[in-house]
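Asks: When you get a sec, could you give me coordinates for this:
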Amino acid sequence: MRHLAILAAALAAATTAAAGCTRWKVGQTVKTTSGPVGGHAASLAPGVSEYLGIPYAEPPVGSLRFQPPVRYNGSKKIDGKSFGPACIPSNLSSYDADYPESLIQEYGITDVGRAILKDLMNPGLPVSEDCLTLNVWTKPQTGEKRKAVMVFVHGGSFVSGSSRLRDYWGQYFADQEDVVLVSINYRLTIFGFPGDPNGTQNLGLLDQRLAVEWVRDNIAAFGGDPSRITLFGESAGGASVDHYSTAWASDPIVAGLISQSGTAQGIKPLTADEAATLWYNATSAVGCGTANSTSADAILTCMQSVPASSIVRTLFNTIFTPFPHPYSPTIDEKIVFSNQSALPAAAVPLLIGNNDNEGGLFRVFVPGQDNDTSFWTQENQAEFVCPAAARAARSAVTDGHPTWRYRWFGVFPNTELARTPPSGAYHSSEMAVLFGNTNQTLVADTQAEPAIGKYMRSAWAAFAKDPANGLSKLGWPRYQAEGETLVRIGFENRTGTNLAKGNLYDTGC
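Replies: You can find the predicted model right below:
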């Protein structure tokens, strides 16, 4: 009955939106299952209505800490003026607080690079456990009455990141591409991936699913089409999209998937034993007991009462740890599988790709391997290129789904990270360009940069509007390993469709 009521509300909202979109007022209040949400004009695109900090789940605090998300239903007005807090992170590396001056000089990190590292590692965002919110950008007064919807999942190695970061503001997608853009928060680090062997794993992935369900049930009231939702993400967000494709293969809700620089294979999931080790390391460190000394229920109750700040102080750094990605998706054979590549994926089109020099970011964190070109070439292949090739082949050949593959090459003065050696098109360097939010405080965009960003943004939107055919209409061929089907975006910093052999860069895969 509850699901029928939600569906009825969504259909009613869709009728209202379709009938009244020509009378839409920027920032008008929208009725949702979370309550009425007020909006405002986006700061950089005043024709776009921006709705921020909408709760989609109950605050995961107290007895809800380390538990699956609970749908939020409310009646009080949400002002929608401010982003919600970021979910509580943990360190990416021991450099998070203060990147050493000696390494800045050694790596030739630019002034722009310093700003990038600051934003990446310690952005100074407000954080809270009460963080399960999402944001909506829409422009119903123009274009299609029922617009394609794009739901973005941020990256950050599952231990950092937030939808409130400027790189991910969605006003240009909504303003220029006639889509509704949604960005979401999800629980990170031990709060999202606790590893409790007696509890539920992969809470952060469950958060993402609940957010997609909220979009399905409410987006029509914002002018969106719930039958045309595309889920896209980068890095950990790209891996999340990949996990989503098998976890909810029989009921994906979404009509298309975009995975940028991240796959389930590339960010290898933890085994249950590895995750449990991390869980008990934390429970022991805060005085809540060990596997052999205390009952599982007592440990959980204790961990739910310990201040979050005390728990965070116990956590491993991501880079300097025996586990390459602690507090990340854990094999539970329910959402994350030990044989994921052998399982059926959602029968929807896929766009997948990676950047030309992913390791250009990570090399500044790993002592001893910083300038070892052969090491980083191998890492690029093992963690990004080959997993993307395998996932593309699985989608296109094994599953027979419409599939496209790209590679990002754009290198610009205001995205340059380091010079010894040049950072190139490093991991995440495309994100601010894609969303149109490059930081021009120190260095302005080049003439080509916004055009390349617009080209990429238009391609992503074309896919969202028509996942099976939209990219073909832009001249993108469907992926085949042996054909001229790999789309090189920003190649030689030029705009337009540049094609190469599908497996040109797959050496050693």
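
Asks: show me where the stretch 351-500 of the chain has helices.
Replies: Here the stretch 351-500 of the chain has its helices, by DSSP state H, counting those that start in this stretch, at 359-362, 373-380, 386-393, 431-435, 448-465, 470-473.

Asks: Go ahead and confirm Thr403 touches Ser395.
Replies: Yes. Thr403 is in contact with Ser395 according to CB atoms under 8 Å; the separation is 4.3 Å. The way it works is simple: take the backbone N, C-alpha and C, and place the C-beta from them, glycine included.

Asks: tell me, what's touching the two both at once?
Replies: 350, 352, 479 (CB atoms under 8 Å, 6 or more residues apart in numbering).

Asks: which phi and psi does the first one have?
Replies: Main-chain dihedrals, Leu350, degrees, to the nearest 10: phi -130, psi 130.

Asks: again, but for the last one
Replies: Dihedral angles of Tyr479 (phi, psi; degrees, to the nearest 10) stand at phi -70, psi 130.

Asks: The stretch 51-200 of the chain: helices as residue ranges?
Replies: Under DSSP H, counting those that start in this stretch, the stretch 51-200 of the chain gives helices at 101-107, 111-121, 171-177, 189-192.

Asks: So which of the ones you listed is the most surrounded?
Replies: Of all the helices of the stretch 51-200 of the chain, helix 189-192 carries the top mean neighbour count, a mean of 26, counting by mean count of other CB atoms under 10 Å.

Asks: Show me how far it is from its chain's centre.
Replies: In terms of CA atoms, centre = their mean, to the nearest Å, the centre of helix 189-192 is found 16 Å from the chain centre.

Asks: still on that earlier bit, nearest to Ala282, of the helices of the stretch 51-200 of the chain?
Replies: Closest to Ala282 of the helices of the stretch 51-200 of the chain is helix 189-192 (CB to CB; 5.9 Å).

Asks: Summarise which helices and strands the next helix or strand after that closest one is packed against.
Replies: Using DSSP states H and E, the next helix or strand after helix 189-192 towards the C-terminus is helix 203-218. If contacts are counted by 3 or more CB pairs under 8 Å, 6 or more residues apart in numbering; DSSP states H and E, helix 203-218 sits against helix 2-20, strand 133-138, strand 147-153, strand 180-184, helix 189-192, strand 224-234, helix 236-247.

Asks: redo that, cut-off 10 Å
Replies: Contacts defined by 3 or more CB pairs under 10 Å, 6 or more residues apart in numbering; DSSP states H and E place helix 203-218 against helix 2-20, strand 45-55, strand 133-138, strand 147-153, strand 180-184, helix 189-192, strand 224-234, helix 236-247.

Asks: Output those in TSV; the columns should cover mean pLDDT and distance to Gly199.
Replies: Formatted as TSV, the helices and strands packed on helix 203-218 follow (pLDDT from 0 to 100; distance: least, CB to CB, whole Å):
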stretch	mean pLDDT	distance to Gly199
helix 2-20	43	25
strand 45-55	98	23
strand 133-138	98	24
strand 147-153	98	23
strand 180-184	98	23
helix 189-192	97	12
strand 224-234	98	25
helix 236-247	98	18
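
Asks: Columns distance to Leu471 on top of these, output as JSON lines?
Replies: Formatted as JSON lines, the helices and strands packed on helix 203-218 follow (distance: least, CB to CB, whole Å):
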{"stretch": "helix 2-20", "distance to Leu471": "27"}
{"stretch": "strand 45-55", "distance to Leu471": "25"}
{"stretch": "strand 133-138", "distance to Leu471": "23"}
{"stretch": "strand 147-153", "distance to Leu471": "13"}
{"stretch": "strand 180-184", "distance to Leu471": "18"}
{"stretch": "helix 189-192", "distance to Leu471": "32"}
{"stretch": "strand 224-234", "distance to Leu471": "12"}
{"stretch": "helix 236-247", "distance to Leu471": "17"}
